[in-house]
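Enquirer: from the sequence below, what's the structure:
(one chain, ligands or ions: 1)
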Amino acid sequence: MMNVKEAFEKIEKRFHEAGVDSPAFEVSVLMEDLLNLPRNPEITVPENLLEPEEEEKLFAAAEKRAGGYPLQYIIGNWEFFGRKFFVGEGVLIPRPETELLCETVLKYFSRTMPPKIADLCSGSGCIAITLAKELGGAEVTAVELYDGAFEYLKRNNALHGNCVKTLQKDALEAFGKFDCIVSNPPYITGDEMKELQTEVTFEPETALFGGTDGLDFYRAIAKNWFEHLNEGGLIAFEIGDTQGEAVKEILTENGYKNAGIIKDYEGRDRVVSAVKYD
Ligand code: GLN
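Expert: Residues are numbered from 1 along each chain as shown. Got it, this is the predicted structure:
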């Protein structure tokens, strides 16, 4: 039988050779999730012996991961803004940089009446649910078109007390009146789609590809939703790091004011927001 430390080191080495970004972290997450072990088990419980079926399960999952399959899909969930979200094939994995989009919205509405928010291309619902939880009283509608992602959106909403309204609908068809339009739409360009990191190729193309120049959704959302944003309301997008100026221009051309770019913690352009008023 193999003990925890031996298994850990063996998989860490395998991940390292396979080019996994943070091998030790990922082994720790796998062992924690699949075997119910504490975080950093090679330090906390190194001598624990693995049952043969545990070993088999762990190494099968590790092999899958070494082949480029996303860790998040293997364990079936991921954390975003301190909360757990179910994920799997068919839905985009929540990224840490998307927390900045949530923070932008939270900051804008922190002193106002609870807003009515539409989260377009909602996917797992991580943005919509975070905003509903963080802004007490906000009325959040999460719009998602695709069956696979919509299932995850509903599961995540149930996990978090059904705090948002879910709608299976094309986000480009505007409706209602809101104080905030927020979206992390598909924004990868045609050229970038050809060079995706292996892990990302397992994620739905419909959540990634934003047309040849990656800007299709910004153009359509900015135009179609203008009349559905209340005076004094905010529109906020996550963007690819080279798209800031172009998205600012799209917003300005469509009548929004004060368009500005916000950088993420790595110093890259990550969010563009603007407001609507006369
Ligand atoms: N941030 C994602 C990535 O780099 C893209 C998500 C999106 O297109 N909205 O893979």
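Enquirer: please enumerate the helices of the stretch 101-250 of the chain.
Expert: 126-134, 147-159, 190-193, 216-225, 244-253 (DSSP state H, counting those that start in this stretch).
Enquirer: can you tell which of those is closest to Met1?
Expert: Shortest distance between Met1 and the helices of the stretch 101-250 of the chain, using CB to CB, is found for helix 147-159: 35.9 Å. For glycine as for every other residue, the C-beta is placed from the backbone atoms N, C-alpha and C.
Enquirer: for that closest one, which outside residues touch it?
Expert: 84-92, 122-126, 128-129, 142, 144, 163-164, 166, 168, 204, 206-207 (CB atoms under 8 Å, 6 or more residues apart in numbering).
Enquirer: quick one: is stretch 144-156 near the ligand?
Expert: No - using CB under 6 Å from any ligand atom, stretch 144-156 stays clear of the ligand, coming no nearer than 12.1 Å.
Enquirer: pull the CA atoms of that stretch into CSV?
Expert: Only the C-alpha atoms of stretch 144-156 are listed here, as CSV (Å, rounded to 0.1, in the frame of the first residue of the first chain):
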residue,chain,number,x,y,z
GLU,A,144,-28.0,32.0,-20.2
LEU,A,145,-28.8,30.5,-23.6
TYR,A,146,-27.1,27.1,-23.7
ASP,A,147,-28.6,24.0,-22.1
GLY,A,148,-25.4,22.6,-20.6
ALA,A,149,-24.5,25.9,-18.9
PHE,A,150,-28.1,26.6,-17.9
GLU,A,151,-28.3,23.3,-15.9
TYR,A,152,-25.2,24.4,-13.9
LEU,A,153,-26.7,27.9,-13.4
LYS,A,154,-29.9,26.3,-12.0
ARG,A,155,-27.9,23.9,-9.7
ASN,A,156,-25.7,26.8,-8.5
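Enquirer: list the contacts for the closest residue to Lys169 other than its chain neighbours?
Expert: Of all residues not flanking Lys169 in the chain, Val143 sits nearest, at 5.3 Å (CB to CB, 6 or more residues apart in numbering). Neighbouring residues of Val143 by CB under 8 Å, 6+ apart: Ala118, Asp119, Leu120, Cys121, Ser122, Leu167, Lys169, Ala171.
Enquirer: who does Val143 form a beta bridge with?
Expert: Judged by DSSP bridges, the bridge partners of Val143 are Leu120, Leu167.
Enquirer: can you read off the pLDDT for it?
Expert: pLDDT for Val143: 98.
Enquirer: before we move on, the earlier item: now, which of the contacts of helix 147-159 lie within strands?
Expert: Of the contacts of helix 147-159, the ones assigned to strands by DSSP state E are Lys84, Phe85, Phe86, Ala142, Glu144, Thr166, Gln168.
Enquirer: reformat those as JSON lines; add neighbour count.
Expert: Compiled in JSON lines, these are given as follows (neighbours: other CB atoms under 10 Å):
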{"residue": "Lys84", "neighbour count": "12"}
{"residue": "Phe85", "neighbour count": "25"}
{"residue": "Phe86", "neighbour count": "19"}
{"residue": "Ala142", "neighbour count": "30"}
{"residue": "Glu144", "neighbour count": "28"}
{"residue": "Thr166", "neighbour count": "21"}
{"residue": "Gln168", "neighbour count": "15"}
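Enquirer: point me to the residue of the stretch 1-150 of the chain nearest the ligand.
Expert: Nearest residue of the stretch 1-150 of the chain to the ligand: Arg95, at 5.2 Å (CB to the nearest ligand atom).
Enquirer: the nearest residue to Asp264 once chain neighbours are set aside and Glu205, how far apart?
Expert: Nearest non-adjacent residue to Asp264, counting by CB to CB, 6+ apart: Arg270, 3.8 Å away. Separation of Arg270 from Glu205 (CB to CB, to the nearest Å): 22 Å.
Enquirer: would you quantify the distance from Leu196 to the ligand?
Expert: 7 Å (CB to the nearest ligand atom, to the nearest Å).
Enquirer: ok, that residue touching Leu208?
Expert: Yes - using CB atoms under 8 Å, Leu196 is in contact with Leu208, at 7.5 Å.
Enquirer: got any residues that touch both of these two?
Expert: Counting by CB under 8 Å, 6+ apart, the residues touching both Leu196 and Leu208 are Ile188.
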